[in-house]
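**Q** A predicted structure for the sequence below; I have some questions about it.
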Amino acid sequence: MAAAIARTLEDAADRLDEVSDPASSPESTAATYVEPPGAQPDPDLPPTDPTRVEIVRKLARRKGRREKIFVTGQKGAGKTMTLHRVVQDPVIQQDYVPLFIETLRVLPQGSADVRLLLIALVSRLCRFIDEKELDKKVDFAGAKVGGITGVLASWVSGHKGNDPPGAPAVFQSTRAEIALQFLKLSGEIVRDPERRRQVLEDRRYSVTDLLRLSSALIEFVQEALTYRDGPRHLLLVLDDLDKFLVPSEVRSLFYDGLEALRSLPCSAILTYPYFLNFQDSFAHKNLEETHIIPNIKVAERSRSPDSGGPIMMPLSRRQLLPAAQNFFNALYTSLADIALVQDQGVLDRAALLSAGIPREFLRLLSQGFWLCSSQRKQKLDLPTLNLARIQIQQAMARIANEPWRQAALKLVQTHGTIQGFSQLLDTVHIVEYVNANVWYGVHPAMEDLVDSWIKQDRTLLIDRGSQPAAIQRELDALWKEAASKRPSAPVPF
């Protein structure tokens, strides 16, 4: 059931903050889904279907084919909201039984590994079997379940050491032993670094063996669903995998472990970090189906009076597109009372400052409501919203205080291309826009600050006697050299 609309400044600040942090409240995130307008790169072309519609259509058409769908998008674009709405779709509910796993809750961020993910998956599958009472509604005399029992029994015997042999394997008791083992283990690998190290060094927890065990449990779930409910299929959803950005995590989950995840014997939806789309080594993985959740298109680019090429107008002169206004108005009014903002201009400004990223829109408004409350204002107005923008800018600037990051932002601000710094998409210092072509800019909250850095550099070169015609070329060379001195590439491949 959807939460009540926030009616006070404090409640609105809390509510928007809660929804903008899906790790803290996935239910709230799902309840506030607003169908985005279809991407329309060119005004002369009809909009495409929203990503949710495309995913539902493909799953409905390919049920029973163990389809793997990979979903990505910039941080805050609405991946979690979209996936929750996919599994709630009546078509999916008719053909599938979803198992939704928020991987941030079951994996240690900074130390994730595909083996730990498979351990968490085994634990959740055992819980899923209990919750659905699947082991009470299966033909245990069937040959398929007998084979599955053999796989489970092999795992149990391999972890008993020198214990004397027990009674012949029975599915229920064997599965219960595994459930207890993995319930304990799945908690330990998140809380206890030493236990996690022991598991990763233990050859018994190999990818091959864990994949065999998890696949056997999936086969049992599918058998039970078919036996009980007719032709319904398991749909595994692994959300938040895009949040694991440490190079060792990326290597384990999306390079070394990708084939294991693709080979799971069920349909599945998996998220992955957006910056991998810009890595040649990952682009060649030939993923079955990849869907990008695009940012909302908020403004058109204009033509430069000098070169005739497309440029982004200064923030003060940008006009919010009607489709974007409708989307962000609907998103806001699903959460908070419209009477808490001074006028439509406040929401329009917040939408433009978000660069079309729903979470950034909510983050900015939440900060603005907190400021209004502390200043004893009755409504959020543009001056207070700008103060919220400055506070967000200050927080982002602290993260971008390394010279290579600042140089990268200067290059993006000047040229509108990503310049090889795709990892900054995952911190939203760089944002992706979609017009006739995909292009990039600095987060709108940071634009004036980055402009001031550029002006300082330009003034320094003028003071040194550089010729006006050569200044931009010299600046580009200086920034590229500084940007090349980053500690390491995002993924060490």
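**A** That came in fine, so what should we check first? Numbering: from 1, shown residues only.

**Q** Ser484: what's it in contact with?
**A** The neighbours of Ser484, taking C-beta atoms under 8 Å, 6 or more residues apart in numbering as the test, are Trp404. Using the backbone N, CA and C atoms, a C-beta is placed for each residue, glycine as well.

**Q** do you know how far it is from His415?
**A** For Ser484, the distance to His415 (C-beta to C-beta, to the nearest Å) stands at 16 Å.

**Q** same question, Arg115
**A** From Arg115 to His415 the distance is 42 Å (C-beta to C-beta).

**Q** And for Gln467?
**A** 21 Å.

**Q** Which one's more surrounded, those two?
**A** Using other C-beta atoms under 10 Å as the criterion, Gln467 and His415 rank with His415 on top: 14 against 10.

**Q** State the distance from the more buried one to Asn277.
**A** Distance of His415 to Asn277, given as C-beta to C-beta: 20 Å.

**Q** so where do the strands sit in the stretch 301-450 of the chain?
**A** Using DSSP state E, counting those that start in this stretch, the strands of the stretch 301-450 of the chain run over 302-303, 310-311, 430-434, 438-442.

**Q** and those strands, which is most packed in?
**A** Stretch with highest mean neighbour count among the strands of the stretch 301-450 of the chain: strand 430-434 (a mean of 22; mean count of other C-beta atoms under 10 Å).

**Q** pLDDT of that strand, averaged?
**A** Throughout strand 430-434, pLDDT has a mean value of 87.

**Q** Are there helices or strands packed against that strand, and which ones?
**A** Under the contact definition 3 or more C-beta pairs under 8 Å, 6 or more residues apart in numbering; DSSP states H and E, strand 430-434 sits against helix 403-415, strand 438-442.

**Q** Please list the residues outside it that contact it.
**A** 39, 41, 74, 294-295, 297-299, 301, 312, 355-357, 408-409, 412, 418, 421, 424-425, 438-444.

**Q** That one to helix 403-415, inter-axis angle?
**A** Strand 430-434 and helix 403-415 meet at an angle of 20 degrees, taking axes from the mean of the first three to the mean of the last three C-alpha atoms, to 10 degrees as the criterion.

**Q** hey, C-alpha coordinates of strand 430-434 in CSV?
**A** Extracted C-alpha coordinates of strand 430-434, given in CSV (Å, rounded to 0.1, in the frame of the first residue of the first chain):
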residue,chain,number,x,y,z
ILE,A,430,29.0,13.7,-15.2
VAL,A,431,25.5,13.3,-16.5
GLU,A,432,24.2,11.8,-19.8
TYR,A,433,21.7,13.7,-21.9
VAL,A,434,19.8,12.3,-24.9
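
**Q** Number the chain from 212, please
**A** With the count now opening at 212, the last piece we talked about shows up as strand 641-645.

**Q** Sheet-wise, list the partners of it with their directions.
**A** Each strand paired with strand 641-645, and its direction, by DSSP bridges: strand 649-653 (antiparallel).

**Q** hmm, back to that, please check the contacts of strand 641-645 and keep the buried ones.
**A** 250, 285, 505-506, 508-510, 512, 523, 566-568, 619-620, 623, 629, 632, 635-636, 650-655 (16 or more other C-beta atoms under 10 Å).

**Q** host element of Arg338?
**A** helix 325-342 (DSSP states H and E).

**Q** hang on, I meant Leu447
**A** Counting by DSSP H and E, Leu447 is part of strand 444-450.

**Q** Same question for the helix or strand just after that strand: list its buried residues.
**A** Downstream of strand 444-450, the first helix or strand assigned by DSSP H and E is helix 458-462. Counting neighbours by 16+ other C-beta under 10 Å, one finds that the buried residues in helix 458-462 are Glu460, Val461, Arg462.

**Q** Kindly provide the distance from the second one to Leu328.
**A** Taking C-beta to C-beta as the measure, Val461 and Leu328 are separated by 13 Å.

**Q** Ok, Pro458 next?
**A** From Pro458 over to Leu328 (counting by C-beta to C-beta), the distance is 17 Å.

**Q** Which stretches in the stretch 362-511 of the chain count as strands?
**A** Secondary structure of the stretch 362-511 of the chain, counting by DSSP E, counting those that start in this stretch: strands at 444-450, 478-482, 500-504.

**Q** could I get those as JSON lines with mean neighbour count and distance to Ile673?
**A** Shown next, in JSON lines, are the strands of the stretch 362-511 of the chain (neighbours: other C-beta atoms under 10 Å; distance: least, C-beta to C-beta, whole Å):
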{"stretch": "strand 444-450", "mean neighbour count": "23", "distance to Ile673": "51"}
{"stretch": "strand 478-482", "mean neighbour count": "24", "distance to Ile673": "47"}
{"stretch": "strand 500-504", "mean neighbour count": "18", "distance to Ile673": "42"}
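
**Q** mind listing the helices in the stretch 362-511 of the chain by residue range?
**A** Under the criterion DSSP state H, counting those that start in this stretch, the stretch 362-511 of the chain contains helices at 382-402, 404-412, 418-440, 458-462, 469-473, 491-494.

**Q** Give the rounded mean pLDDT of the longest one.
**A** Which is helix 418-440. 90.

**Q** Need the contact partners of that helix.
**A** For helix 418-440, contacts defined as C-beta under 8 Å, 6+ apart pick out 308, 325-326, 329-330, 332-333, 336-337, 339-340, 343, 345-346, 348-350, 353, 355-356, 359, 362-363, 366, 369, 382, 386, 389, 443-445, 447, 467-468, 471, 474-477.

**Q** any idea what sits nearest Leu446, other than its immediate chain neighbours?
**A** Leaving aside its chain neighbours, Leu446 sits nearest to Tyr307 (3.9 Å; criterion: C-beta to C-beta, 6 or more residues apart in numbering).

**Q** Over to Phe382?
**A** Nearest non-adjacent residue to Phe382 (C-beta to C-beta, 6+ apart): Thr360, at 4.4 Å.

**Q** Please work out the average pLDDT along the helix or strand where the one you found lies.
**A** Assessed by DSSP H and E, Thr360 sits inside helix 354-369. Here helix 354-369 scores 85 as its mean pLDDT.

**Q** what's the answer for stretch 569-581, then?
**A** Throughout stretch 569-581, pLDDT has a mean value of 96.

**Q** Next up, the contacts around Arg697.
**A** Glu613, Trp615, Arg616, Ala619.

**Q** contacts for stretch 462-476?
**A** Defining contact as C-beta under 8 Å, 6+ apart, one finds that stretch 462-476 is touched by 277, 279, 323-326, 328-329, 418, 422, 425-426, 429-430, 433, 447, 449, 452, 455, 479, 481, 483-484, 487, 492-493, 496, 499, 702-704.

**Q** In ChimeraX, how would I select the buried members of those residues?
**A** Here is the ChimeraX selection string for the buried members of the contacts of stretch 462-476, based on 16+ other C-beta under 10 Å:
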select :277,279,323,324,325,326,328,329,418,422,425,426,429,430,433,447,449,452,455,479,481,483,484,487,493,496,702
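
**Q** For Ser699, give me the pLDDT.
**A** pLDDT for Ser699: 59.

**Q** now swap in Lys496 and tell me
**A** Listed pLDDT for Lys496 reads 64.

**Q** Isn't Met657 up against Gln605?
**A** No: contact criterion C-beta atoms under 8 Å: Met657 and Gln605 do not qualify, at 10.0 Å.

**Q** Nothing else from me, thank you.
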